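K.L.:
Below is the sequence, then the predicted model.
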Amino acid sequence: MQNPKKLSVLLIGCLKVIIVLLFTYYLYNCIKTPDDFHYIQGVDLILHEAGHIIFIFFGRFVNILGGSLNQVLIPFIFSAYFFLRKEIYSGSIVLMWIGESITNVAIYAKDAIIMQLPLLGGDSVIHDWNYLLSTLNILKYTDIIGGIIYYLGISVIVIGAILALYSSFRTKDDIPRQYATM
């Protein structure tokens, strides 16, 4: 007869693998169809706009950078929390969200010269990345900068997916922290 604990770990591990694969597929679709509405990008947008408010006290440049910074920083804080608690699977899933958010920022950064993305507030608002890159006098490198940010985001998604798959069958992730050292 099969050990019930081993069977439970196996079933939970399989479920975790399915979740990773589904989330990876969802993120792939988000990245491939950025003009379509995706729920996670709606969350990114809320965090982005909140970043402008949070960073308003740090000067104009940081205030404008704060939108993109916050939309990556908030999921980073959650991921760090999970990793610090040695909850590798949870931290890895959120790491994948960080990667998606970075690719979302890349799309905005790549738009810095042509400025065709619809912005909240209409045509009268500042395009964050046009302002940031112009202020730094590197607007002519928009495509390179956007590309670097984009591939960084893809890399973070891949690393998150690999870590999540690796940790899917590890029992330590399923044991509450206070019992893991016993």
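P.N.:
That came through fine. Quick caveat, the model's predicted, so the values are computed rather than measured.
K.L.:
where's Ala69, which helix or strand?
P.N.:
Slight slip there: residue 69 is Leu, not Ala. If you go by DSSP states H and E, Leu69 is part of helix 60-84.
K.L.:
contact partners of that helix?
P.N.:
44-45, 47-52, 54-56, 58, 88, 90-92, 94-95, 97-98, 101-102, 104-105, 108-109, 126, 128-129, 131-132, 135 (Cβ atoms under 8 Å, 6 or more residues apart in numbering). All C-beta atoms are positioned from the backbone trio N, CA, C, and that covers glycine.
K.L.:
Quick check on those: which are buried?
P.N.:
44, 47-49, 51-52, 54-55, 88, 90-92, 94-95, 97-98, 101-102, 104-105, 108-109, 128-129, 131-132 (16 or more other Cβ atoms under 10 Å).
K.L.:
can you tell me which of those residues are in helices?
P.N.:
Among these, the ones falling in helices (DSSP state H) are 44, 47-49, 51-52, 54, 88, 90-92, 94-95, 97-98, 101-102, 104-105, 108-109, 128-129, 131-132.
K.L.:
For Gln116, give its distance to Lys86.
P.N.:
Distance of Gln116 to Lys86, given as Cβ to Cβ, to the nearest Å: 44 Å.
K.L.:
Do I have it right that Asn29 meets His38?
P.N.:
Yes - between Asn29 and His38 there is a contact under Cβ atoms under 8 Å: 7.3 Å.
K.L.:
So for the two, which residue has more residues nearby?
P.N.:
With neighbours defined as other Cβ atoms under 10 Å, Asn29 and His38 compare such that His38 has more, 17 against 12.
K.L.:
so who does the residue most central in space within the chain touch?
P.N.:
Using Cα atoms, centre = their mean, the residue of the chain that lies closest to the mean C-alpha position is Ile98, 1.7 Å off. Residues counted as contacts of Ile98 (Cβ under 8 Å, 6+ apart) are Val72, Pro75, Phe76, Ser79, Val156, Gly160.
K.L.:
Can you pull out the low-pLDDT segments for this structure?
P.N.:
1-2, 121-124, 171-182 (pLDDT under 70).
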